[in-house]
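Asker: from the sequence below, what's the structure:
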Amino acid sequence: MTRENIGHVLTLDLGSSGLRAVVVSPEYRIVSEVKRPYHIYRSSGHAEHFTPADLRRRVLDCLASAVRAATVAPNAISRISITAQRGGTAFLDAHGATLYAGPNTDVRAVFEGAAIDDQLAAEVYAITGHLPSMFLAPAKLHWWHAHQPRRARRIATVASLGSWAAHQLTGDLGETPSTLVEAGLANVTTGHPAVALLARLGVSLDALPNVVSEGAVVGTLGRESADTMGLRIGTPVALAGPDAQITALGAGSVRPGDTTVIAGWSAPVQRVTAIPTFDAARRTWAGRHAVDSCWILEANPGDTGRTLETVRRMLGPRMSLERFDRLAAGAPERELPIVAAWGPRALDMSNPGMSLGGLIAPSPITYEGIDAGAVARATLENIAFAIRECLALLDEVAGGSAGGYALTLTGGMANSSTFASVLAAAVGRPVRVQSPRAAAIGAALVSTLAASDIGAAADQIASQAVDVTPSHTGARDATERYERWLHVRRALDQLAVGL
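Answerer: Next up is the predicted model:
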């Protein structure tokens, strides 16, 4: 299935690790791709923010560069579709001026969130499917009212970064139900604003943008934005939804049981469900999918790609990702002498917390030594084992295994054939490796197809995956190492309690 009557789509992802603009063809092929970094300003109290003018300039530059890099005429681009990181937030005044824009790593509201959870944790989770509140928009509003009351009194609208970007391009605001849920502003079951909860939290319904369906057009390009990008004035701009759900969609996961590992800066493990599914212990998130009548059950292993990047840099300035991958592939997995517990694990999403970790090796270290290949391999296994633990948690919460359904890998780490093999062995089952640019494909798909056509398009996308199947011996040996990893990690948790 193609979209010949629609044309090419220019997608924008305001992701956790940076901006990415991609031109997608009617056949869901990547025509051009441009990535730009953020400039994030940091201050005391774990506060982080963007300068609105700088972020706007970077958004326009990223989009314009993708248009110039495409091998199609600018007038072949029929629309722009925007997705964005969950938890990124912007506050606007009554005139549409930006008072604050911050990434999902801005956790200045940790104490305000804790105060909400002390009183309302059960209610917040039952309604929004999410905890802790420090990541959610109401706690961030509470911080501004407590610490910047004069500016807080000017806040008229609460928006996601995706909605903010659309407003910068068009002057219009909107928000999708799935994004409102991720911000702690909507009921995960209905998708409607969480009226009673927001009233208890002191959040006015007037502060929420107009609600539009995932993929809906919220406005059209004005002259300044169109001229900067080389596109026609009036080009439609659509809001796709949260980048994790949009990535799962772009990887072909649309049916109950379909499970996607979105291995980028972090690695959400999302399973499609037919009903909203909650964990009695609140360790998982429940969200709305970007397709009708589907929800998402999510476990998360925390910083994965970010962990890999940190270890890679520790191994020296010449350690490229390609060399890291080669060294990991060449390490003797059965005789791996070390265990990495760098941090990735199945998190309790209601209380992520901290523990002890590191690299566990035989002592004295001079007995066998440690080489870079062993460190690289152990790091990839740490991430893969954390994903296996997340899958077990999803099975527990959902009340059974999704053994008969597809397990799909996408995101930046899907570029690594070594990681795909390590993951397949770790989980003991085939892994379907999809395009690392599934977010762009999903954003194009949801903004151009009717809901009734999405299933067939997702099937077409899923059929393009590359299957990686572990050997029986490789899966057996990986299970032994997984059990050792769990044992080491539990011992480190106990050590952390005693220190």
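Asker: check contacts around the most centrally placed residue in the chain.
Answerer: Among the residues of the chain, the one closest to the centroid is residue 244, at 4.1 Å (CA atoms, centre = their mean). By CB atoms under 8 Å, 6 or more residues apart in numbering, residue 244 lies in contact with 86, 262, 268, 270, 287, 296, 298. C-beta: built from backbone N, CA, C; applies to glycine.
Asker: now, the most widely separated pair of these?
Answerer: Of all pairs drawn from the contacts of residue 244, the greatest distance, 12.6 Å, lies between 262 and 287 (CB to CB).
Asker: so for stretch 299-317, what's the average pLDDT?
Answerer: In this model, stretch 299-317 carries a mean pLDDT of 94.
Asker: to clarify, my last question referred to stretch 203-216.
Answerer: Across stretch 203-216, the average pLDDT comes to 97.
Asker: repeat that for stretch 83-91.
Answerer: What stretch 83-91 shows for mean pLDDT is 97.
Asker: send the alpha carbons of that stretch over as CSV?
Answerer: What follows is stretch 83-91, C-alpha atoms only, in CSV (Å, rounded to 0.1, in the frame of the first residue of the first chain):
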residue,chain,number,x,y,z
THR,A,83,6.3,13.8,16.7
ALA,A,84,8.2,14.5,19.9
GLN,A,85,9.7,13.2,23.1
ARG,A,86,7.3,12.4,25.9
GLY,A,87,7.7,14.7,28.9
GLY,A,88,9.0,17.7,27.0
THR,A,89,6.9,20.7,28.0
ALA,A,90,6.2,24.3,27.0
PHE,A,91,4.3,27.0,28.7
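Asker: and that stretch, how far out from the chain's middle?
Answerer: Stretch 83-91 has its C-alpha centroid displaced from the chain centroid by 11 Å (CA atoms, centre = their mean, to the nearest Å).
Asker: for the stretch 151-300 of the chain, what spans make up the helices?
Answerer: 161-170, 177-182, 195-201, 223-229, 243-250 (DSSP state H, counting those that start in this stretch).
Asker: could I get the CA-only coordinates of the third one as CSV?
Answerer: Taking Å, rounded to 0.1, in the frame of the first residue of the first chain, the C-alpha atoms of helix 195-201 are listed here in CSV:
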residue,chain,number,x,y,z
VAL,A,195,-11.3,16.8,34.6
ALA,A,196,-11.6,15.8,38.2
LEU,A,197,-7.9,15.1,38.7
LEU,A,198,-6.8,18.3,37.1
ALA,A,199,-9.2,20.2,39.3
ARG,A,200,-7.6,18.6,42.4
LEU,A,201,-4.2,19.5,41.0
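Asker: got the buried residues for it?
Answerer: Buried residues in helix 195-201, counted by 16 or more other CB atoms under 10 Å: 197, 198, 201.
Asker: could you export those as a markdown table, including distance to residue 140?
Answerer: Output for the buried residues of helix 195-201, formatted as a markdown table (distance: CB to CB, whole Å):
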| residue | distance to residue 140 |
| --- | --- |
| 197 | 15 |
| 198 | 14 |
| 201 | 11 |
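Asker: residue ranges of the helices in the stretch 301-450 of the chain, please?
Answerer: Secondary structure of the stretch 301-450 of the chain (DSSP H, counting those that start in this stretch): helices at 305-314, 321-330, 372-398, 417-427, 438-448.
Asker: so between residue 262 and residue 287, which is more surrounded?
Answerer: Neighbour count, other CB atoms under 10 Å: between residue 262 and residue 287, residue 262 has more, with 31 against 26.
Asker: dump the residue contacts of the more buried one.
Answerer: Residue 262 makes contact with 244, 247, 248, 251, 268, 269, 270, 410, 411, 438, according to CB under 8 Å, 6+ apart.
Asker: now find how far off-centre the least confident helix or strand in the chain by mean pLDDT is within its chain.
Answerer: Every helix and strand in the chain was compared by mean pLDDT, DSSP states H and E; the lowest is helix 451-462, with a mean of 89. Computed by CA atoms, centre = their mean, the chain-centroid distance of helix 451-462 equals 21 Å.
Asker: most tightly packed of the helices of the stretch 301-450 of the chain?
Answerer: Greatest average neighbour count among those goes to helix 438-448 (a mean of 30), per mean count of other CB atoms under 10 Å.
Asker: just the element for residue 33, please.
Answerer: strand 30-36 (DSSP states H and E).
Asker: for the helix or strand encompassing residue 479, list every residue counted as buried.
Answerer: Per DSSP H and E, residue 479 falls inside helix 472-498. By 16+ other CB under 10 Å, the buried positions in helix 472-498 come out as 474, 475, 477, 478, 479, 481, 482, 485, 488, 489, 492.
Asker: likewise for stretch 98-114?
Answerer: Of the residues in stretch 98-114, 98-104, 106-110, 112-113 count as buried by neighbour count, 16+ other CB under 10 Å.
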